[in-house]
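>>> generate a structure from the sequence data that follows.
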Amino acid sequence: MKFDTDKLDVIRQTVRREVEEGHLPGAAFAVGIGQDMVLQDAMGYAEHHQGVVRLVEHGTLFDLASLTKVVATLPSVLSLVDDGVIHLSQPLVEFLPDFAAGDPRKERVTVFHLLTHTSGLPAHRPYYRMCQTPSDVVSAVLNEPLEAEPGSRVTYSDLGFILLGELVRVVTGERLDAYARRRIFSPIGMCQTTYLPDASWHDRIAATEAQDGRGPKVGIVHDENAEAMGGVSGHAGLFSTLSDVVRYVQAWLDPNAGVLSPSVRVVAVRCQTRGLNGVRGLGWVGRGDGFDHMGDLWPTTAVGHTGFTGTSVAFDPMSRLWFVLLTNDVHYGRDRRGIRRLRPRLHNLVAAAIRDVPWR
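Down below sits the predicted model:
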């Protein structure tokens, strides 16, 4: 696959214009095919607030927000499937028996349902307003009633991935952050990917949203429920750099990568929700789903995911095309969401830069 370098430069120019016009604080992004990178850049502000100005660099860490679901929680759960410790059709109550209290339908919720967002759990609840400790949040999620029959519809749910994080902890005896670091991040070489970044990394972390006159969050997870859980959760909380997220995406496309088996990767990127109201693999968002951010020109086999702070990844397991975009879009306020308009446009530009399109 070959690219038009002039058209690739349009991607860079488009992001720079968004920064210069004040629509986007800062960004780091890369485009590639398999293990090869054809475009990489970083620009704009890691922080621009009340006289504090820091620029985005290639080593800047971003709050990944919901990319945590597919970068930490998904591979951790899939590794347990690979290792024969769990299987997808197992009911969650086998690991978290308190989940079944009060609703017999919950006994039918499986690991598969949680990974495909078909558990029947609601999308979100503001637990941070009512819970005092991380264990309070977990208890509240465990006791949450279902809104739909398991397997009957797709509802993108933070709650399901909070419970998957708990599943990892119960099964392995390690908290999700420790297990993901040992089993996923370290083998891939993602040495700058972490929950709860150390204070010494402060100047390298992109700021997110200002909170109640206290200034922007830097190194503290933006998601309020994840913060209420102590910063470590299955749905949000991970921080990483462009180079590390690129390594992670490339591991999904490398037939020789040893962290997850080729077999489990094939199952994960395949649509598992045919006949329902969404297009979901295991964790991944497919083309045509309501959360599909990949524009108009990417192939039907592509998958991806987004994060509320302004992050996203997309890749096609067939052509091995990929695009990683990390921004701190919420730094200027969650009501100024330029990224929602920008994401599909940039993905169109990536696809339009391909000279010899391999899909039809």
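>>> surely Asp289 meets Gly281?
No - the criterion here is Cβ atoms under 8 Å, and Asp289 misses it with Gly281 at 9.9 Å. Glycine gets a C-beta too; all of them are placed from N, C-alpha and C.
>>> mind listing the helices for this protein?
Ranges of helices in the chain, per DSSP state H, are 5-20, 67-68, 74-82, 111-115, 134-142, 158-172, 176-180, 186-188, 224-228, 242-253, 262-269, 338-352.
>>> minimum distance to Gly102: which of those helices has it?
helix 134-142 (10.0 Å; Cβ to Cβ).
>>> show me what that closest one is packed against.
Contacts defined by 3 or more Cβ pairs under 8 Å, 6 or more residues apart in numbering; DSSP states H and E place helix 134-142 against helix 158-172, helix 224-228.
>>> low pLDDT regions in the stretch 1-150 of the chain?
Within the stretch 1-150 of the chain, not a single segment meets pLDDT under 70.
>>> and the residue nearest the centre of this structure?
Leu67 (1.1 Å; Cα atoms, centre = their mean).
>>> for Ala236, see how far away it is.
9 Å (Cβ to Cβ, to the nearest Å).
>>> likewise Ile86?
Applying Cβ to Cβ to Ile86 and Ala236 gives a distance of 23 Å.
>>> so Arg183 sits against Ser79, correct?
Yes - Arg183 lies in contact with Ser79 (Cβ under 8 Å); the separation is 5.3 Å.
>>> what sits in contact with each of those two?
Val259 (Cβ atoms under 8 Å, 6 or more residues apart in numbering).
>>> overlap in contacts of Leu67 and Ala236?
With Cβ under 8 Å, 6+ apart, Leu67 and Ala236 have common neighbours Gly307.
>>> if we can go back for a sec, deepest-packed of the helices of the chain, please.
Burial of these is given as mean neighbour count (mean count of other Cβ atoms under 10 Å); helix 67-68 ranks first at a mean of 28.
>>> just the strands from the stretch 251-360 of the chain, written as ranges.
285-286, 303-307, 311-315, 321-327 (DSSP state E, counting those that start in this stretch).
>>> out of these, nearest to Gly34?
So among those, strand 321-327 is nearest, using Cβ to Cβ, at 8.1 Å.
>>> compare Ile86 and Ala236 and say which is more crowded by neighbours.
Ranked by neighbour count (other Cβ atoms under 10 Å), Ile86 and Ala236 place Ala236 first, with 31 against 19.
>>> how close does the more buried one get to Leu346?
23 Å.
>>> and for Leu159?
Taking Cβ to Cβ, one finds Leu159 at 30 Å from Leu346.
>>> next: Val266.
28 Å.
>>> can you check Ala72 too?
From Ala72 to Leu346 the distance is 24 Å (Cβ to Cβ).
>>> over to Ala302?
In terms of Cβ to Cβ, Ala302 sits 14 Å off from Leu346.
>>> one step back: let me know which of the strands of the stretch 251-360 of the chain is the nearest to Lys7.
Of the strands of the stretch 251-360 of the chain, the one closest to Lys7 (Cβ to Cβ) turns out to be strand 321-327, at 13.7 Å.
>>> counting by contacts, list what the closest one packs against.
Where contact means 3+ Cβ pairs under 8 Å, 6+ apart, strand 321-327 is packed against strand 26-33, helix 242-253, strand 311-315, helix 338-352.
>>> 6 Å instead?
Applying 3 or more Cβ pairs under 6 Å, 6 or more residues apart in numbering; DSSP states H and E, one finds that strand 321-327 makes contact with strand 26-33, helix 242-253, strand 311-315.
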